[in-house]
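Asker: Generate a structure from the sequence data that follows.
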Amino acid sequence: MCVISLSPNFINSKPYKQLSSISQSPTFSPSDMISPAIFILNFIENHPNLSFTLQITLCLTLIAFILNLLTTNPSRKVYLLDFVCYKPPKSLQCSKGLVLERSRRLGIFSEDSLDFMKKTLDRSGLGESTYLPEGLIGVHPPNISLEESRKEAEMVMFGAVEELLVKAGVKGEEIGIVVVNCSAFSPVPSLSAMIVNRYKLGEKVLSYNLGGMGCSGSLRAISLAKHLLQVHRNSYALVVSTENITPNCYMGDDRSKILINCLFRVGCAAILLSNRSADRRRSKYHLLHDVHTHTASSDPSYNCIFQEEDRAGLVGVTVEKDLFAVASAAIRSNVTALGRLVLPASEKLRFLRNHMIRYLHVANVEPYVPSFKSSFDHFLTHPGGKPILDEVRRNLQLCETQMEASRMTLYRFGNVSSSTVWYELAYAEAKGRVKRGDRVWQIAFGSGFKCTSLIWEAIRTVDGGEKMNPWTDEIDEFPVDTQSTGSFSFYFEPSKPN
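Answerer: Numbers count the residues shown, from 1 in each chain. Below is the predicted model of the structure:
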């Protein structure tokens with residue numbers, strides 16, 4: 001038997017290292033092989049005195065690398081087959097007046113707090129037909145028990161998933177990955193286990209339950225599913241995004257915690273992803289980019305939205321005075337990272353020129369905000385509240401038409417936490433505005449503080465009038481004017497002790 005070994009000089013040489021690095025790359029193009037291949041062939045040709053055995057070894061090494069590259073899976077494309085946004089029954093609709101009346105009947109809020117609620121509701125951007133759970137508006141006093149919380153979770157999650165499976169034509173047993181995100185409700189068994197049990201998914205299903213992610217949770221869940229789809233071939237991933245209102249209604253009189261009662265409403269979105277190339281034609285969107293910003297290493301960022309007890313021991317979510325500054329910084333950082341991926345060269349040059357002028361103190365100029373108008377066709381930003389939307393519009397220099405889907409979603413459904421951006425996409429589809437080749441930008445932000453952007457490309461034109469779209473039967477009533485009311489501040493001092 002003949003044992004062939006490569007010399008240390010060749011193992012440490014540039015072509016060998018280059019080939020090794022290419023073979024570990026998650027993506028592959030045939031052009032990646034050209035430079036090292038030519039190098040090795042030229043090396044053999046220019047060294048005729050090499051032994052025949054070494055020449056054969058070099059050639060076999062090159063062949064082995066080529067075969068490895070050709071059989072290595074490239075980065076798998078992720079497609080969005082379809083999605084569904086849950087629309088609660090009319091019996092759960094509530095006006096702003098009803099919210100205020102129920103709050104007054106509880107007898108736990110001071111007149112100052114009730115007046116604060118009224119001003120906030122009037123200027124919130126919410127309409128008169130949002131939804132609250134049965135435990136909060138169907139009985140008096142409110143039922144915020146664990147059993148009632150589970151009922152809300154089952155109602156919205158099962159309602160969305162069952163419609164999605166019918167709409168996408170996929171059976172439950174075909175799903176290999178389940179990711180559920182819900183920020184402030186984490187029962188045992190988990191919400192993802194509820195999905196697995198309800199639809200009798202297989203024992204090998206990968207199940208993940210994300211909590212505490214805030215309003216950016218859905219886009220983070222999509223990113224997790226994307227990474228799992230890179231590993232597991234020919235798989236479907238089900239992402240379910242919701243928030244549970246029943247146990248998180250604040251029952252105290254601390255003004256900094258009352259804001260949640262005014263803005264958050266019932267909602268849920270179910271999204272079905274696939275990495276199967278055969279699913280491309282029937283899919284709606286192709287995921288192009290996901291960009292994440294996490295600023296929790298900063299104390300103000302970490303503390304600006306914080307679940308805690310008040311002085312009476314009642315749990316609520318405090319909104320701190322630093323929220324606006326923290327959110328603006330996180331969004332700015334996220335948008336900067338996104339710009340490197342999507343902006344045309346002309347915008348990148350303008351940004352660089354402005355940065356160098358300010359860095360070198362050549363002139364006193366304002367920071368240049370790149371224009372994303374030419375990079376995207378649909379802007380879907382999380383409507384945390386009217387002031388947030390106003391600030392996003394100002395910072396990104398968007399027009400009201402580009403803010404329409406976000407404002408109308410806030411008006412019709414309220415802040416439904418991380419699922420809100422899907423109601424916005426459903427709005428654009430119901431209006432018949434999503435055309436083949438369009439690029440969609442979803443951006444959401446939440447506690448931590450986190451900001452996430454997803455960029456989708458429409459694979460096909462989506463016709464309006466889909467039956468399983470929460471907007472279809474009322475889309476002609478929108479848009480409505482939501483700018484005639486004033487705004488409110490997100491800075492609320494905690495209530496002073498009596």
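Asker: And for the closest residue to residue 386 other than its chain neighbours, the neighbour number?
Answerer: Nearest residue to residue 386, sequence neighbours excluded (CB to CB, 6 or more residues apart in numbering): residue 125, at 3.6 Å. C-beta coordinates here come from the backbone N, C-alpha and C atoms, glycine included. Neighbourhood size, residue 125 [other CB atoms under 10 Å]: 26.
Asker: For residue 125, what are phi and psi?
Answerer: The phi and psi torsions at residue 125 (degrees, to the nearest 10) take the values phi 90, psi 0.
Asker: Over to the one 5 residues further on?
Answerer: Summarising the backbone geometry of residue 130 under the convention degrees, to the nearest 10, its torsions are phi -80, psi -180.
Asker: hang on, isn't it packed against residue 94?
Answerer: Yes. In terms of CB atoms under 8 Å, residue 130 counts as a neighbour of residue 94; the distance is 6.2 Å.
Asker: So between the two, which is more surrounded?
Answerer: Under the criterion of other CB under 10 Å, the comparison of residue 130 against residue 94 puts residue 130 first, with 27 against 21.
Asker: For residue 399, see how far away the residue nearest to residue 386 is.
Answerer: Using CB to CB, to the nearest Å, residue 125 is found at 17 Å from residue 399.
Asker: again, but for residue 366
Answerer: 20 Å.
Asker: the more surrounded of those two?
Answerer: Remark: of residue 366 and residue 399, residue 399 carries more neighbours, 10 against 7, as counted by other CB under 10 Å.
Asker: And the more buried one, how close does it get to residue 393?
Answerer: Taking CB to CB, one finds residue 399 at 8 Å from residue 393.
Asker: just residue 282 next, same as before
Answerer: Distance from residue 282 to residue 393, by CB to CB: 35 Å.
Asker: The two: which is more packed in?
Answerer: When neighbours are counted by other CB under 10 Å, residue 282 and residue 393 differ, and residue 393 comes out ahead with 18 against 14.
Asker: What residues of whichever strand or helix holds residue 222 count as buried?
Answerer: For residue 222, the element it lies in under DSSP states H and E is helix 217-231. If you call a residue buried by 16 or more other CB atoms under 10 Å, then helix 217-231 has these buried ones: 217-226, 228-229.
Asker: Which residue, other than its chain neighbours, is closest to the residue nearest to the spatial centre of the chain?
Answerer: Geometric centre of the chain, nearest residue: residue 219, 1.5 Å, by CA atoms, centre = their mean. Excluding the flanking residues, the one nearest residue 219 by CB to CB, 6+ apart is residue 452, at 4.0 Å.
Asker: Thought residue 115 was touching residue 258, still the case?
Answerer: No. Contact criterion CB under 8 Å: residue 258 and residue 115 do not qualify, at 11.2 Å.
Asker: Who has more neighbours out of the two?
Answerer: residue 258 (23 against 12).
Asker: Run through the residues that contact the more buried one.
Answerer: For residue 258, the contact set (CB atoms under 8 Å, 6 or more residues apart in numbering) comprises 109, 113, 116-117, 120, 250, 316, 492.
Asker: where along the stretch 51-200 of the chain do the helices fall?
Answerer: 52-71, 96-106, 111-122, 134-137, 146-168, 191-198 (DSSP state H, counting those that start in this stretch).
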